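> Using only what follows, build the 3D model:
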Amino acid sequence: MDYIRYIDKTHEYYRKQGYDKTYNYACNEDIPFTPLKKPLSEARVALVTTASFILLDEEGHPLEEPGFVGTNELEVSTAPSDWPAGRIMSTSGDHDRYQTDMEDIDAFFPITRMRELLAEGAFGSLSKNYYRTLPNYSQRKTTEVDGPEVLRRCIEDNVDVALLTPV
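Just a heads-up that it's a prediction; the model follows:
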């Protein structure tokens with residue numbers, strides 16, 4: 001099996017764009033995870049993503065304008081977990097087009113798979129909402145602003161497990 005060396009590919013891509021400084025990846029000495037206190041089959045699961053997308057109404061019109069990515073403001077929003085997959089549209093232009101197609105919602109926001117796993121009994125329930133935080137490429141903002149807000153919303157929704165899908 002051939003492995004895709006994403007970090008190397010990413011560094012090469014940005015060097016070709018004229019950036020000479022290599023991205024400084026986060027390194028966390030402490031692991032902020034909590035052991036699951038119940039079987040996964042009884043847990044409430046939330047999906048948390050950095051995918052840029054908008055929700056569409058029944059006629060296919062956007063319910064919101066694509067936001068500016070990369071501000072220092074709070075950039076956490078929700079999407080109802082029962083929202084139809086066909087009414088979600090990617091607004092991302094920066095993804096690996098060789099490996100995936102952003103037309104396939106489950107490639108970056110696997111809500112169909114979540115519903116299938118729920119039906120199979122893999123977990124107890126889905127959270128009321130899924131959570132989206134726009135990528136800012138700021139480790140400080142992620143850990144001090146957006147991350148705590150996602151956690152607050154998960155606690156408010158009685159989430160036991162968060163599945164993270166970074167894009």
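> pretty sure Glu58 belongs to a helix, no?
No - secondary structure of Glu58 (DSSP: H, G, I helix; E, B strand; the rest coil): coil, not part of a helix.
> burial measure for it, as a count.
Residues near Glu58, counting by other Cβ atoms under 10 Å, number 7. Backbone N, C-alpha and C define where each C-beta goes, glycine included.
> same deal with Arg15?
12.
> Need the CA coordinates for the host helix or strand of it. CSV is fine.
Assigned by DSSP states H and E, Arg15 falls within helix 6-16. C-alpha atoms of helix 6-16 as CSV (Å, rounded to 0.1, in the frame of the first residue of the first chain):
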residue,chain,number,x,y,z
TYR,A,6,0.2,14.9,3.3
ILE,A,7,2.6,16.9,5.3
ASP,A,8,5.3,16.7,2.7
LYS,A,9,2.8,17.5,0.0
THR,A,10,1.5,20.5,1.9
HIS,A,11,5.0,21.9,2.5
GLU,A,12,5.8,21.5,-1.2
TYR,A,13,2.5,23.2,-2.2
TYR,A,14,3.2,26.2,0.0
ARG,A,15,6.8,26.5,-1.1
LYS,A,16,5.6,26.7,-4.7
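> May I see the buried residues of stretch 121-138?
Neighbour-count burial for stretch 121-138, with 16 or more other Cβ atoms under 10 Å as criterion, is recorded at 123-124, 126-136.
> So for it, mean pLDDT?
Stretch 121-138 carries an average pLDDT of 86.
> Just the CA trace of it, in PDB.
The C-alpha coordinates for stretch 121-138 follow below in PDB (Å, rounded to 0.1, in the frame of the first residue of the first chain):
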ATOM      1  CA  GLY A 121     -26.300   0.400  17.100                       C
ATOM      2  CA  ALA A 122     -22.600   1.500  17.200                       C
ATOM      3  CA  PHE A 123     -23.600   4.300  19.500                       C
ATOM      4  CA  GLY A 124     -26.700   5.300  21.400                       C
ATOM      5  CA  SER A 125     -27.700   8.600  19.900                       C
ATOM      6  CA  LEU A 126     -26.600  11.600  17.800                       C
ATOM      7  CA  SER A 127     -26.300  15.000  19.300                       C
ATOM      8  CA  LYS A 128     -29.000  17.500  18.500                       C
ATOM      9  CA  ASN A 129     -26.400  19.500  16.500                       C
ATOM     10  CA  TYR A 130     -23.100  19.000  14.800                       C
ATOM     11  CA  TYR A 131     -20.500  21.700  15.300                       C
ATOM     12  CA  ARG A 132     -18.300  23.500  12.700                       C
ATOM     13  CA  THR A 133     -15.400  25.700  13.400                       C
ATOM     14  CA  LEU A 134     -13.800  27.500  10.500                       C
ATOM     15  CA  PRO A 135     -10.100  26.900  10.100                       C
ATOM     16  CA  ASN A 136      -8.000  29.800  11.200                       C
ATOM     17  CA  TYR A 137      -4.500  28.200  11.200                       C
ATOM     18  CA  SER A 138      -4.000  29.800  14.600                       C
END
